[in-house]
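*Asks:* structure of the sequence below:
(one chain, ligands or ions: 1)
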Amino acid sequence: MASPPRVLAHLRDAITSVIIAECDGSPFIGYVGDVITSDTINPALLHRGVVGGGLDTEVFPWIITEPHRGWMGEPGIQIRRDNELLPVHCTLVDVSQKQNTVHLTSTDEEHAVTTIITISLDESGVVRMNAKCTNTGTQDMCIDSLKMLIPVSGECTEVLTLGGRHAMEAIETRHLWQRSVIAVNNRSGRTSHEHMGVVFVGTQNFSEQSGSVWGVHCAWSGNSSILCDSVTDGLRVVQVGELLQPGEVVLAPQETYDTPDVVLSYSPHGMNGVSHSFHRYVRSIAGPQNRPIVLNTWEAVYFSHDLATLKQLASEGADVGIERFVLDDGWFHGRRDDTAGLGDWWVDEHVWPHGLGPLVEHVNSLGMEFGLWFEPEMVNPNSELFRAHPDWVLGSTHRQNLMGRHQYVLNMALPEVREYLFQHINTLLSRYNIAYVKWDHNRPLVGGAAHHQTKGVYELFHQLTRAHPSVQFESCASGGGRIDMGISQYVKRFWTSDSIDALDRLTIQKGVSKLVPIEMMGSHIGAKTCHTTGRKHALSFRTATAMFGWLGVEWNLLSLQPHEKEQLQRSLSLYKEFRPLLHSGDYIRCDHPDNSIHVHAVVSSEASEALMSISRLFNIGSIRSANICVPALDAQSEYTVTMIPNGTPRWALHRELPEWVKSSVQVSGAQLMKQGLPCPPLLPESSVLLHIVRVSS
Ligand code: DGJ
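*Replies:* Numbers count the residues shown, from 1 in each chain. Just a heads-up that it's a prediction; the model follows:
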């Protein structure tokens, strides 16, 4: 019988404990969940015993599962030399801990492999895990898989995943996690619209505000895999890592493969608690930022670029309170529509005979910043770049490439490609006063290999952000296609979705906000008739939806009636008034028993103030609905609740509105949290905004 398990480390903060242990020379996570407040951990509770019908060996949920240690599920490590799969069997040789970070070094001398796993409990409350694998031999070796395993509570019976399609991203799907394997496998080469690289596993009926929940994210912008497996071992485990194609990663002697970070957050209080740690973590990476209101030209003029019109648009923007003017797709060489030009990153000399200078200067003279669109990783066959370097296209040597939006993907692993892109983008960022880059990526990759591509993209981001530290980069991949904590090292904003339909956006933003703080979600007020869905929405509804994000405007302001312009001015001032609260407070998605009612709020960290929005999504067979409980206030304090003027709410048939709607009311925090406000009789696709302010404690 092997030696009994040994505790190596117990990381904890006020909410979470992580017990790291080892047995028979291999590390495993013995526990991650509710904080264990005792200083001693008895390893006896890690002992699992040996069961009949199986091996005579005790098997643990090893962090890197090795088939040769008896793990029957998905292997955590798959390595080949000379095309032979190696029976890797690493032994722990060193454990070091500095505060809340533990390094675990293991080696397999026979097969010349060393792994180092790092686990840390970050100040934000997230657990970060990473593994490095080095080829210590004298021959090349292929890494086909290196994933890490996290056991969660046996009481987790449900899994929530997020995914959708272009212009309808991050939709929640709840899976019953019985005896099953639930897989989130993304092979699209970018983070994707279909599979956000995050799962929430939790106890029965876990919700936004209740239940024990573990959120697990793969911080990577390429292919990734998350498996929730309750079949292999009777334990409930989540295994996460990059989804590699066999042969994709070949390590020469002494080279190292580094996994993406796995970011885990636990909360005993539902998904909001998980998100709060995720948000704190992402905020700590982004640092404090100015988040000016953007006017984006895409849905205003599309490819019709003309200096006089754009200058007028900018002037109108300045008038209504816009703070940053962003010139979207269509400004560069040969780009008159989406069939040509990508790759030729210099200003089109026909449309812009004097360069972008006259527009940038005009924008700056109005007190606004200037931003510019790029799609660096792409090339149109109809471009100077493609004609000069057809060999720079990803995968071009093997077979006829598939096109997406008339474009190919550049091979970002090639230093000359990165150098070309760096030079061209750097020239523009140096020549013009550019405060912001919208970085697009409008097609998936084919062929399954995305490791070197993703590394190459990160490298280019790294170079550009180092050369231009004050420029804010936005991650846009047709909206919503590249939202993850890998790219968040470089970007300050995500373009959340190409749909700016205020109704769909409530669902999309609810999903995306589970992972990233709302102030990083680009959220625009669009035209009255939404371009992607054809729905018409009142400006008050479009405003209320966009306020819970990094607000922008994407609307041809030259087409506005005077009253619309005034309303938009009011919308933008309202947002500016609440921006400090919205961008620093705790964002809370509120549970409500009626799924036609959408409620969310931002509460300041000291619970002195909150902004809440209540919306009706669709009609149901009743006008009334359950009360709206206001979360996270101080029970002992008194608050005023005031409806914020934001156009006229669209009321359903009623004789008299509830008291609190007609005028401001003063109520205790305890009553607001427990009894809640009577639900206002809203019509579908309308919202009310409430300002809740502490008056005494
Ligand atoms: C897709 C983006 O999501 C849009 O906002 C816009 O930038 C277009 N690409 C431009 O081609």
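
*Asks:* per-residue confidence averaged over stretch 422-441?
*Replies:* Across stretch 422-441, pLDDT averages out at 98.

*Asks:* return the set of buried residues in the host helix or strand of residue 428.
*Replies:* Per DSSP states H and E, residue 428 falls inside helix 415-431. Neighbour-count burial for helix 415-431 flags 417-418, 420-422, 424-425, 428-429 (criterion: 16 or more other C-beta atoms under 10 Å). From N, CA and C alone the C-beta is placed, and that goes for glycine too.

*Asks:* elements contacting that helix?
*Replies:* If contacts are counted by 3 or more C-beta pairs under 8 Å, 6 or more residues apart in numbering; DSSP states H and E, helix 415-431 sits against helix 451-467.

*Asks:* could you give the angle of the helix it packs on to helix 415-431?
*Replies:* Angle, helix 451-467 to helix 415-431, by axes from the mean of the first three to the mean of the last three C-alpha atoms, to 10 degrees: 30 degrees.

*Asks:* I'd say residue 428 and residue 345 touch.
*Replies:* Yes. Using C-beta atoms under 8 Å, residue 428 is in contact with residue 345, at 7.0 Å.

*Asks:* my guess is residue 685 meets residue 540, correct?
*Replies:* No. At 10.3 Å, residue 685 does not count as touching residue 540 under the criterion of C-beta under 8 Å.

*Asks:* what about the closest residue to the ligand within the chain, helix or strand, and which?
*Replies:* Across the chain, no residue is closer to the ligand than residue 329, which sits at 3.5 Å (C-beta to the nearest ligand atom). Here residue 329 is covered by no helix or strand, with elements defined by DSSP H and E.

*Asks:* grab the nearest non-local neighbour of it.
*Replies:* Nearest residue to residue 329, sequence neighbours excluded (C-beta to C-beta, 6 or more residues apart in numbering): residue 373, at 5.2 Å.

*Asks:* which element follows whichever strand or helix holds the one you found toward the C-terminus?
*Replies:* Assigned by DSSP H and E, residue 373 belongs to strand 369-374. Per DSSP H and E, the first helix or strand lying C-terminal to strand 369-374 is strand 378-379.

*Asks:* just the C-alphas of the following helix or strand past that following strand, formatted as PDB.
*Replies:* Going down the chain from strand 378-379, the next helix or strand is helix 384-388, by DSSP H and E. Taking C-alpha atoms only, helix 384-388 is exported to PDB below (Å, rounded to 0.1, in the frame of the first residue of the first chain):
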ATOM      1  CA  GLU A 384      -1.400  44.600 -52.000                       C
ATOM      2  CA  LEU A 385      -0.300  42.500 -49.000                       C
ATOM      3  CA  PHE A 386      -1.700  39.300 -50.300                       C
ATOM      4  CA  ARG A 387      -0.300  39.900 -53.800                       C
ATOM      5  CA  ALA A 388       3.100  40.400 -52.300                       C
END
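
*Asks:* so how far is the following helix or strand past helix 384-388 off the chain centroid?
*Replies:* The C-terminal neighbour of helix 384-388 among helices and strands, as given by DSSP H and E, is strand 408-409. How far strand 408-409 lies from its chain's middle: 24 Å, per C-alpha atoms, centre = their mean, to the nearest Å.

*Asks:* in its sheet, what does strand 408-409 sit against?
*Replies:* strand 378-379 (antiparallel) (DSSP bridges).

*Asks:* the strand it pairs with near the ligand at all?
*Replies:* No. Applying C-beta under 6 Å from any ligand atom, one finds strand 378-379 separated from the ligand by no less than 10.0 Å.

*Asks:* average pLDDT for that strand?
*Replies:* For strand 378-379, the per-residue pLDDT averages 98.

*Asks:* hmm, the residue of the chain closest to the ligand is touching residue 304, no?
*Replies:* No. Assessed by C-beta under 8 Å, residue 329 is found out of contact with residue 304, at 11.3 Å.

*Asks:* would you agree residue 291 is in contact with residue 579?
*Replies:* Yes. Counting by C-beta under 8 Å, residue 579 is a contact partner of residue 291 at 7.1 Å.

*Asks:* between these two, who's got more neighbours?
*Replies:* residue 291 (20 against 17; other C-beta atoms under 10 Å).

*Asks:* can you read off the pLDDT for residue 397?
*Replies:* The model's pLDDT for residue 397 equals 60.

*Asks:* re the thing from before, can you count the residues close to the residue nearest to residue 329?
*Replies:* 21.

*Asks:* got a list of what the residue of the chain closest to the ligand touches?
*Replies:* Neighbouring residues of residue 329 by C-beta atoms under 8 Å, 6 or more residues apart in numbering: 298, 302-303, 335, 338, 373, 375, 440.

*Asks:* is it correct that residue 668 is in contact with residue 638?
*Replies:* Yes. The criterion here is C-beta under 8 Å, and residue 668 meets it with residue 638 at 5.6 Å.

*Asks:* mutual contacts of these two, please.
*Replies:* Listed as contacting both residue 668 and residue 638 by C-beta under 8 Å, 6+ apart is no residue at all.

*Asks:* and the contacts of stretch 384-401?
*Replies:* Residues outside stretch 384-401 that contact it (C-beta under 8 Å, 6+ apart) are 333-334, 342-344, 379-380, 408-412, 414, 416-417, 420, 445-447, 453.
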